[in-house]
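K.L.:
No sequence on hand, only this structure:
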């Protein structure tokens, strides 16, 4: 057994035991979407090694399509090696399957953010810093995220940030 395989097995075992149902408690229902896809968190982690057919880039390339030789020949471009929203959602399903719900939520937010251009993400990040934006500006960003990029989870996060900043006096003074 390789060292990498040993580490993967240890991580899988830790995740499985970390969220075991206490004796006498009712077991949580497994994530329906994971089961519907045939994902099994105990055996499908990591996806790239265990279920590589599910992992595709936003341009549709599979892991087998991405090789050093193809990169050198120019057949693999930077946009070919970005993570896809679908891969992030699959990883979220696996996280849900082992009870790592907060991590799953983070992955779903990340999946939404893949639709937003990098330069705009940086602008939004800077706008979310204390004293950088008004409440109206943050609400406008939230609307943009929700309606232009279909990033509903992130839009709710920005709206919540605007409300918290208002309560804590962290909005930009106009």
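P.N.:
Looks like it came in fine. The structure displayed is predicted, hence computed values, not measured ones.
K.L.:
which stretches of this structure aren't confidently modelled?
P.N.:
Where the chain drops to pLDDT under 70, the residues are 3-37.
K.L.:
all strands of it, in order?
P.N.:
In the chain, no strands are found when defined by DSSP state E.
K.L.:
care to break it down by domain?
P.N.:
Using automatic domain parsing, the domain parsing of the chain gives 1-19+30-114, 116-174.
K.L.:
Switch those domains over to CSV; also include mean neighbour count.
P.N.:
(Each C-beta comes from the backbone N, C-alpha and C, glycine too.) Output for these, formatted as CSV (neighbours: other C-beta atoms under 10 Å):
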stretch, mean neighbour count
domain 1-19+30-114, 15
domain 116-174, 15
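K.L.:
Now the most centrally placed residue in the chain: closest residue in space that isn't a chain neighbour?
P.N.:
Centroid check for the chain by C-alpha atoms, centre = their mean gives residue 107 as the closest residue, at 1.9 Å. Of all residues not flanking residue 107 in the chain, residue 92 sits nearest, at 3.9 Å (C-beta to C-beta, 6 or more residues apart in numbering).
K.L.:
List the residues that contact the one you found.
P.N.:
Counting by C-beta atoms under 8 Å, 6 or more residues apart in numbering, residue 92 makes contact with 103-105, 107-108, 111.
K.L.:
May I ask which two of those residues are separated the most?
P.N.:
103 and 111 (12.9 Å; C-beta to C-beta).
K.L.:
quick one on the thing from earlier: from the contacts of residue 92, which single one is nearest residue 72?
P.N.:
Using C-beta to C-beta, residue 111 is the member of those that lies nearest residue 72, at 30.3 Å.
K.L.:
Touching, residue 48 and residue 57? I think so.
P.N.:
No. Applying C-beta atoms under 8 Å as the test, residue 48 and residue 57 come out as separate, 11.8 Å apart.
K.L.:
any shared contact partners between the two?
P.N.:
Here residue 48 and residue 57 share no contacting residue, scored by C-beta under 8 Å, 6+ apart.
K.L.:
hang on, the earlier thing: any idea how far the residue nearest to the centre of the chain lies from residue 89?
P.N.:
The gap separating residue 107 from residue 89 is 7 Å, by C-beta to C-beta, to the nearest Å.
K.L.:
and what of residue 118?
P.N.:
For residue 118 relative to residue 89 (C-beta to C-beta), the value is 20 Å.
K.L.:
where exactly do the helices run in this protein?
P.N.:
Per DSSP state H, the chain carries helices over the ranges 3-18, 32-36, 41-44, 47-50, 68-72, 85-97, 101-113, 118-127, 135-143, 152-167.
K.L.:
Could you dump those helices into JSON lines and include distance to residue 173?
P.N.:
Formatted as JSON lines, the helices of the chain follow (distance: least, C-beta to C-beta, whole Å):
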{"stretch": "helix 3-18", "distance to residue 173": "46"}
{"stretch": "helix 32-36", "distance to residue 173": "45"}
{"stretch": "helix 41-44", "distance to residue 173": "48"}
{"stretch": "helix 47-50", "distance to residue 173": "47"}
{"stretch": "helix 68-72", "distance to residue 173": "50"}
{"stretch": "helix 85-97", "distance to residue 173": "37"}
{"stretch": "helix 101-113", "distance to residue 173": "29"}
{"stretch": "helix 118-127", "distance to residue 173": "15"}
{"stretch": "helix 135-143", "distance to residue 173": "12"}
{"stretch": "helix 152-167", "distance to residue 173": "12"}
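K.L.:
Kind regards, and thank you for your time.
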